[in-house]
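In: Got a predicted structure plus its sequence, pasted below:
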Amino acid sequence: MRITSAVLMAGWLLALVAVAAPAEPQAEPPLPAPGDIDVRARALFAAIVSGDPAGAADLFSPREAFVQIKAASDPNAIYDRLLRAYHADIRALHTATPDLGRAEYVRVEFSRRRGYVVPGEEANRIPYWAQRHNVLIYRVGAEERRIELRVLIAWEGRWYLTHLSEFKHPAPAH
């Protein structure tokens, strides 16, 4: 049986196309349900009322998840900065929010500003769902008030806070 050069060339071209073809984009997984966000947001609200961030640890992104998600040279340093900002935000909200002694937690409302963040966006190496500009609603008397939950990300089916308020990147050293 003789294999012609045309057949060999066709086989080589097919192999080259298969190797060079871009991978099919992965379909977005479904948007995770709110799950236990109300329970953990209630703990955040209690931490704001008391001024003690320790009670709100379970709502903040786990370090292991953050390190896996971020494609930075030192994701632990970024995580530490975000965690310090989270604690500072809780203390600042405690100081700046009036009537906390009479306040009651009501609920969390997710905004419609959400998206599936693909690798390469926001310095990440793996995809995840993000929810931006959500609100924690609490009541003082008959009046409902709001605290922004700036960025929530989904990890293994649970929503976690990465930014309670706007994150201010440190100024570059001169």
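Out: That came through fine.

In: only C-alpha atoms for contact and neighbour calcs from this point on.
Out: OK.

In: Just give me how far stretch 95-115 sits from the chain centre.
Out: Stretch 95-115 has its average C-alpha position 18 Å from the chain's average C-alpha position, going by CA atoms, centre = their mean, to the nearest Å.

In: residues in contact with that stretch?
Out: Taking CA atoms under 8 Å, 6 or more residues apart in numbering as the criterion, the residues outside stretch 95-115 that touch it are 37-38, 41-42, 45, 49, 51, 94, 129-141.

In: Which parts of it count as buried, going by neighbours?
Out: 100, 103-110, 114 (16 or more other CA atoms under 10 Å).

In: Rebuild the residues you listed as TSV, extending it with secondary structure.
Out: Below are the buried residues of stretch 95-115 laid out as TSV (DSSP: H, G, I helix; E, B strand; the rest coil):
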residue	secondary structure
100	helix
103	strand
104	strand
105	strand
106	strand
107	strand
108	strand
109	strand
110	coil
114	strand
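
In: Just the ones in helices from the contacts of stretch 95-115, please.
Out: Judged by DSSP state H, the contacts of stretch 95-115 include 37-38, 41-42, 45, 49, 94 as members of helices.

In: Pick the one among those residues closest to residue 155.
Out: Ranked by distance to residue 155 (CA to CA), the ones in helices among the contacts of stretch 95-115 are led by residue 37 at 12.5 Å.

In: how much space between the closest one and residue 129?
Out: From residue 37 over to residue 129 the distance is 15 Å, taken as CA to CA, to the nearest Å.

In: Same check on residue 116?
Out: 4 Å.

In: Could you pull out the strands in the chain for me?
Out: 103-109, 114-117, 128-140, 143-155, 158-163 (DSSP state E).

In: Just give me the residue right at the centre of the chain.
Out: residue 153 (2.4 Å; CA atoms, centre = their mean).

In: what are the bridge partners for it, then?
Out: For residue 153, the beta-bridge assignment (DSSP bridges) gives partners residue 130, residue 160.

In: so it sits right up against residue 134, yeah?
Out: No: counting by CA atoms under 8 Å, residue 153 does not reach residue 134; the two are 11.3 Å apart.

In: where does the chain have its least confident helix or strand?
Out: Among the helices and strands of the chain, helix 5-20 carries the lowest confidence by mean pLDDT, DSSP states H and E, at a mean of 44.

In: Find the residue ranges of this structure scoring beneath the pLDDT cut-off.
Out: Counting by pLDDT under 70, the chain contains low-confidence residues at 1-26, 167-174.
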